[in-house]
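**Student:** From the sequence below, what's the structure:
(4 chains)
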There are 2 protein chains.
Amino acid sequence: MATTMSDVARAAGVSVMTVSNVINGRPRVGPDTRARVLGVIAELGYQVNLTARGLRAGRTGTIALIVPRFDHAYFGGLAARLTAGLESVGLHLVVEQSGASPEGELAALSLARLQMYDGVLLSVVGLDAAAVDRIQSTVPVVLIGERDLPPRFDHVTMDNVEGARQAVEHMLRSGARRVAIVGGEVGTPSRTMGSRRTLGWRLAHESLGMAPDPDLLIEIPEVEAWAGAAVVEQMLERGLAVDGVFAVTDEVATGVLSGLHRAGLSVPEDVQVVGFDNLAIGEHLVPRLTSVDPDHDAMVDAMVELVRRRIDADGAELEPRHVVLPSRLALRDSTR
Amino acid sequence: MATTMSDVARAAGVSVMTVSNVINGRPRVGPDTRARVLGVIAELGYQVNLTARGLRAGRTGTIALIVPRFDHAYFGGLAARLTAGLESVGLHLVVEQSGASPEGELAALSLARLQMYDGVLLSVVGLDAAAVDRIQSTVPVVLIGERDLPPRFDHVTMDNVEGARQAVEHMLRSGARRVAIVGGEVGTPSRTMGSRRTLGWRLAHESLGMAPDPDLLIEIPEVEAWAGAAVVEQMLERGLAVDGVFAVTDEVATGVLSGLHRAGLSVPEDVQVVGFDNLAIGEHLVPRLTSVDPDHDAMVDAMVELVRRRIDADGAELEPRHVVLPSRLALRDSTR
DNA sequence: ACGGGCAGGTATAACGATAAACCTTCCGAG
DNA sequence: CTCGGAAGGTTTATCGTTATACCTGCCCGT
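**Tutor:** Just a heads-up that it's a prediction; the model follows:
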């Protein structure tokens, strides 16, 4: 139905190849011919078929970002920044959600989709490690975030341990004695995001010669605001003494702030709170949220750089690179 | 580089067509042949090339959602819901951002991209009306949100006027006398989101026999939290008396709450606040935010339905449908 | 006058998958 | 014994672009 190149060629009285040459700004076309072809294109409203071009050229100019959830603000921010970062180097970003329905099943299904892109940025938070290992793709894949990952992939992550350590240390140094971690992970330290941030919580105590109370390591069913609120309620019901909370993400911290407020506790006077991610919303919570700032721009730059490097290498074997970017604390009003 | 169907065909000693038939579960294949082909596929790690399939079949099974900003929570929620809604009817969603860099230029550029999809859901908030009119696509396009829109497109929107009216009426009925609209639009009522919600604000006053003070119609440079906070600060500096705020979105309301808190005013005692969109975050703000709930699920259902209808019609002319879904107020603690 | 080269264009063959038509066997009914 | 047809495949022709090779004048240097 849509007009094709040969429609244009016929109408302009030239060969399709000439139309192609005009569209792509290639040299071998005379000025009058070029003008005529452009005229016909405008008249017919012709648009190149990117599917056909992609098939023939073997490249689509498109990068995919695959996130577990669209409705987590962290990924919204990441996607926005990446769109800009990639556009500045002539690449286009599309975003897909992996964790839709039956656990990880999607991750398997979408494997074929990856072929459609020139590169894939895959957020592995909440993704089955086995699913990631199953990726046998020829397209460049850059992993984002922490997990037990096959080291054969490029990988960009923030410094979870050090960021968490700074957050907790700050509360301890400003007088907190019982700092809980909400969203921590009990058990063998693996390389998941939660376990790394839990390690930072431990290290902060140790560096000050203190031992963290295991009761203050609190797990949550989902890394979301409601879970943060629910946990605070339970803590207080159980009569657990707490004067500091390190929430593993700003979303959780949002729930924690809300829970504390409802319990009649004031922040930072009664309880200090620190989040992680330094989302824009932190600036507008009540009180404004102190948070670990992962240097979003540097992360995006690293992702863009890594994926470009592989695209330019054109499939040649490259030593995988693992980039860890420093985090620093953004101080606001939820800490003393 | 990637293995193709003919690699598989050769290794299995059959024709490519048979491989295709196996992959697509078509009948004319014997059980033993099928098993052999599947074995080779697994062994070689073959994945169908969706670009090629898309070109030949003329369909990709993929729908695009185009949003102005990834980092606005409303769109994150919409994308998440749509992913689920489309997946349940066998369609896959990808999301792109339109409003990246030089104003709207992208909107023009990405026009060719639309061809790659079986359907496009286009959020027109903040999009140039002329740009929308320039769309001369053969793919089904469903417009989302309000604007001066060419009526030739299908269109889904929430009831902005009535939602806003209910929000403001609620505050007026619970004692507020000076209700500001933050993010309103002055001037000729057009069909933009802001102007419709402003109309609701007017109507609420009129239905109670009151006249809104024009000074309480407050514009903002961006529909974001920081703008809401800044506006509150300015209002109070100017000594403007206010005992109710209708913020045009929950993001703006978040900023308003933060601004009021910093000014030492308490919500809802001194000032009532209502937002719009009923985002998940509203539940966790301090205080919990009363908001207009646009019935997100019904909107998603309508979008899915409209785009499917056009896909099934296979390009045939269809009367464009304009769906407006009712909004209702979700009462929480920021109002009395 | 002749060959080389360049400007301006065309013809052909893919890219990888699929729709549609076609080709064998083999089997059972009449 | 013959013929219709089902089962199980294969062949061929595209889908819309682009890479590559190729063609045709014509101008210019020697």
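**Student:** got the phi/psi numbers for the residue of the stretch 101-250 of chain A found nearest DNA strand C?
**Tutor:** Using Cβ to the nearest atom of the strand, the single residue of the stretch 101-250 of chain A nearest to DNA strand C is residue A:115, 8.5 Å away. Where C-beta positions appear, they are placed from N, C-alpha and C, glycine not excepted. Main-chain dihedrals, residue A:115, degrees, to the nearest 10: phi -60, psi -20.
**Student:** what sits opposite residue A:274 in the beta ladder?
**Tutor:** Beta-bridge partners of residue A:274, counted by DSSP bridges, are residue A:246, residue A:290.
**Student:** related to what we said a few turns ago, list the contacts for the residue of the stretch 101-250 of chain A closest to DNA strand C?
**Tutor:** A:137-139, B:2, B:47, B:49-51 (Cβ atoms under 8 Å, 6 or more residues apart in numbering or on different chains).
**Student:** Could you check the pLDDT of the residue in the stretch 51-200 of chain A that DNA strand C sits nearest to?
**Tutor:** Residue nearest to DNA strand C within the stretch 51-200 of chain A: residue A:56 (3.3 Å; Cβ to the nearest atom of the strand). At residue A:56, the predicted lDDT confidence score is 95.
**Student:** repeat for residue A:130
**Tutor:** Looking at residue A:130, its pLDDT reads 77.
**Student:** Kindly format the C-alpha coordinates of the helix or strand it falls within as CSV.
**Tutor:** According to DSSP states H and E, residue A:130 maps onto helix A:129-133. The C-alpha coordinates for helix A:129-133 follow below in CSV (Å, rounded to 0.1, in the frame of the first residue of the first chain):
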residue,chain,number,x,y,z
ALA,A,129,21.1,-15.3,35.8
ALA,A,130,20.5,-18.4,33.7
ALA,A,131,18.4,-16.4,31.3
VAL,A,132,21.2,-13.9,30.8
ASP,A,133,23.7,-16.7,30.2
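**Student:** near chain B at all, that helix?
**Tutor:** No - Helix A:129-133 stays out of contact with chain B when judged by Cβ under 8 Å from any Cβ of the partner chain, the minimum separation being 12.7 Å.
**Student:** What residues of that helix count as buried?
**Tutor:** Going by neighbour count (16 or more other Cβ atoms under 10 Å in any protein chain shown), the buried part of helix A:129-133 is A:131-132.
**Student:** Return the distance of the residue of the stretch 101-250 of chain A closest to DNA strand C relative to residue A:66.
**Tutor:** For residue A:115, the distance to residue A:66 equals 13 Å [Cβ to Cβ, to the nearest Å].
**Student:** picking that back up, now do the contacts for the residue of the stretch 51-200 of chain A closest to DNA strand C.
**Tutor:** Contact partners of residue A:56, counting by Cβ under 8 Å, 6+ apart, are absent.
**Student:** just the CA coordinates of whatever helix or strand comes next after the helix holding residue A:130, formatted as PDB?
**Tutor:** Using DSSP H and E, the helix or strand that follows helix A:129-133 in sequence is strand A:141-144. Written as PDB, here are the backbone C-alpha positions of strand A:141-144 (Å, rounded to 0.1, in the frame of the first residue of the first chain):
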ATOM      1  CA  VAL A 141      25.200  -6.600  24.500                       C
ATOM      2  CA  VAL A 142      26.100  -4.300  27.400                       C
ATOM      3  CA  LEU A 143      24.800  -5.400  30.800                       C
ATOM      4  CA  ILE A 144      23.600  -2.800  33.300                       C
END
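**Student:** Which strands and helices lie in contact with the following helix or strand past strand A:141-144?
**Tutor:** Reading on from strand A:141-144 to the C-terminus, the next helix or strand found by DSSP H and E is strand A:154-158. Packed against strand A:154-158, as judged by 3 or more Cβ pairs under 8 Å, 6 or more residues apart in numbering or on different chains; DSSP states H and E, are the following elements: strand A:141-144, helix A:296-313, strand A:322-325.
**Student:** mind listing what's buried in the longest one?
**Tutor:** Along helix A:296-313, the positions that meet the burial threshold by neighbour count (16+ other Cβ under 10 Å) are A:296, A:299-308, A:310-311.
**Student:** The last one now?
**Tutor:** Within strand A:322-325, the residues that qualify as buried are A:323, A:325, counting by 16+ other Cβ under 10 Å.
**Student:** moving C-terminal of the helix or strand bottoming out on mean pLDDT in chain A, what's the next helix or strand?
**Tutor:** Here the helix or strand of chain A ranked lowest by mean pLDDT, DSSP states H and E is helix A:105-109, holding a mean of 48. Sequence-wise, the next helix or strand downstream of helix A:105-109 (DSSP H and E) is helix A:111-114.
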